[in-house]
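**Q** return a 3D structure for these sequence lines:
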Amino acid sequence: MRILLVEDDAEVARFVKKGLQEAGHTVEHAPNGRDGLFMAASESFDVLVLDRMLPGGVDGVRLVETLRGQGNRTPVLFLSALNAVDERVKGLKAGGDDYLTKPFAFAELLARVEALGRRPAAEVPTTRLKVADLELDLLSRTVTRGGRKVDVQPREFRLLEHLMRHAGQVVTRTMLLEKVWDYHFDPQTNVIDVHVSRLRHKLDKGFDKPLIHTVRNAGYMIRAEA
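**A** Here you go, the predicted model:
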């Protein structure tokens, strides 16, 4: 792994860097928070090992908060002599992934670093769904088709979102009852059919090709016609 070590104590930095290199990792070192932030933001690392208290006008917590604000999700291990519970919580809430207090055994540090390195990369959350010329924006809670806004009710939005997340797949009535209506039983009503019919009318009005299709004895599917 490629690791960035941000540590102002020269002796601790030499000790940690040497041990990580002997374990087969590549280590870059920054002696203060300002340089550490620049390196972390401009280069690619697998894990960041940060001292909690750093000179340079940027301490470890501020460094991590800045990175997380930029969308940088590189795993972070804090090293600190501040072992109070409140301090550990502060570091973790800032965006740290793990916290190791000084003094520490190098074997434990190595195990924690390698565990962080094995974590799968965080996925960027989806904010927009698209099927053919239909788009659903999860942040603004808006729906457009062919660039034209479609007004939908909150329940219709949830119904459409679930169909679009499973585009090209049959979505059963049972699935819709559970995911859209939070029912875990069949209420024996045609509530789904009514909402689908209403949604279908709103989406297809003025367009030649329908998007929501009924799959007989199964459920519904949203797809673009070939």
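**Q** rest of the way, CA atoms for contacts and neighbours
**A** OK.
**Q** looking at this, G206 is in a helix?
**A** No. Applying DSSP: H, G, I helix; E, B strand; the rest coil, one finds G206 to be coil, outside a helix.
**Q** what packs against the lowest-mean-pLDDT helix or strand in the chain?
**A** When the helices and strands of the chain are scored by mean pLDDT, DSSP states H and E, helix 85-93 comes last with a mean of 83. Judged by 3 or more C-alpha pairs under 8 Å, 6 or more residues apart in numbering; DSSP states H and E, the packing partners of helix 85-93 are strand 98-101.
**Q** tell me the first helix or strand C-terminal of the strand it packs on.
**A** Later in the chain than strand 98-101, the nearest helix or strand by DSSP states H and E is helix 106-118.
**Q** how about that next one, which residues are buried there?
**A** Residues 109, 112-114, 116-117 are the ones in helix 106-118 that count as buried (16 or more other C-alpha atoms under 10 Å).
**Q** how about that helix as PDB, C-alpha atoms only?
**A** Provided in PDB are the C-alpha atoms of helix 106-118 (Å, rounded to 0.1, in the frame of the first residue of the first chain):
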ATOM      1  CA  PHE A 106       3.900  -1.200  16.300                       C
ATOM      2  CA  ALA A 107       2.400  -4.600  15.700                       C
ATOM      3  CA  GLU A 108      -1.000  -3.200  16.600                       C
ATOM      4  CA  LEU A 109      -0.500  -0.100  14.400                       C
ATOM      5  CA  LEU A 110       0.400  -2.300  11.400                       C
ATOM      6  CA  ALA A 111      -2.600  -4.600  11.900                       C
ATOM      7  CA  ARG A 112      -4.900  -1.500  12.100                       C
ATOM      8  CA  VAL A 113      -3.400   0.100   9.000                       C
ATOM      9  CA  GLU A 114      -3.600  -3.100   7.000                       C
ATOM     10  CA  ALA A 115      -7.200  -3.700   8.100                       C
ATOM     11  CA  LEU A 116      -8.100  -0.200   6.800                       C
ATOM     12  CA  GLY A 117      -6.400  -0.900   3.600                       C
ATOM     13  CA  ARG A 118      -8.500  -4.000   3.100                       C
END
